[in-house]
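> this one's sequence-less:
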């Protein structure tokens with residue numbers, strides 16, 4: 001899907017367009033009520049510049065300093081991971097931010113289901129599947 005399909009079609013004549021979507025039998029709300037003693041923010045995606053994660057971390061640090069019961073969970077890997085971890089340390093929010101790396105289906109679904117707020121700060125993105133996954137959970 002997305003704008004890349006037309007470029008791929010030029011390289012690979014047997015490419016097929018697949019509509020975006022999620023399996024709602026897998027990505028679904030949790031069975032039990034979420035723990036509200038901690039408000040969990042969640043980002044899922046590649047850790048690259050276009051995702052604008054320094055903006056997310058700076059914004060979250062403001063929230064974390066005002067509301068001690070918040071945490072930020074970052075799922076994904078990428079070339080900016082080292083820089084982001086350094087920024088977390090500089091902002092003094094290391095105890096509030098958890099980096100997971102790349103996470104696969106069942107574990108990812110569990111993380112979605114435990115989260116309260118899904119955040120996406122990309123400077124540019126079509127319509128990433130993570131938005132649908134988060135909404136489904």
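Ah, there it is. Predicted model only: the values in this text are computed from it and were never measured.

> in this structure, which segments are predicted with low confidence?
Along the chain, segments meeting pLDDT under 70 span 1-3.

> Just the strands from this structure, written as ranges.
Along the chain, counting by DSSP state E, strands occupy 39-44, 70-75, 97-101, 117-118.

> residues touching residue 113, list them.
The neighbourhood of residue 113, defined by Cβ atoms under 8 Å, 6 or more residues apart in numbering, consists of 29, 30, 34, 137. Any C-beta I mention is one placed from the backbone N, CA and C, and that applies to glycine too.

> How much space separates it from residue 75?
13 Å (Cβ to Cβ, to the nearest Å).

> show me the contacts for residue 71.
38, 39, 40, 41, 96, 97, 98 are the contacts of residue 71 under Cβ under 8 Å, 6+ apart.

> ok, now residue 37?
residue 69.

> Check the gap between residue 29 and residue 35 for me.
In terms of Cβ to Cβ, residue 29 sits 14 Å off from residue 35.

> what about the residue lying closest to residue 64 once chain neighbours are set aside, neighbour count?
For residue 64, ignoring the flanking residues on the chain, the nearest one in space by Cβ to Cβ, 6 or more residues apart in numbering is residue 96 at 4.7 Å. Counted with other Cβ atoms under 10 Å, residues neighbouring residue 96 total 21.
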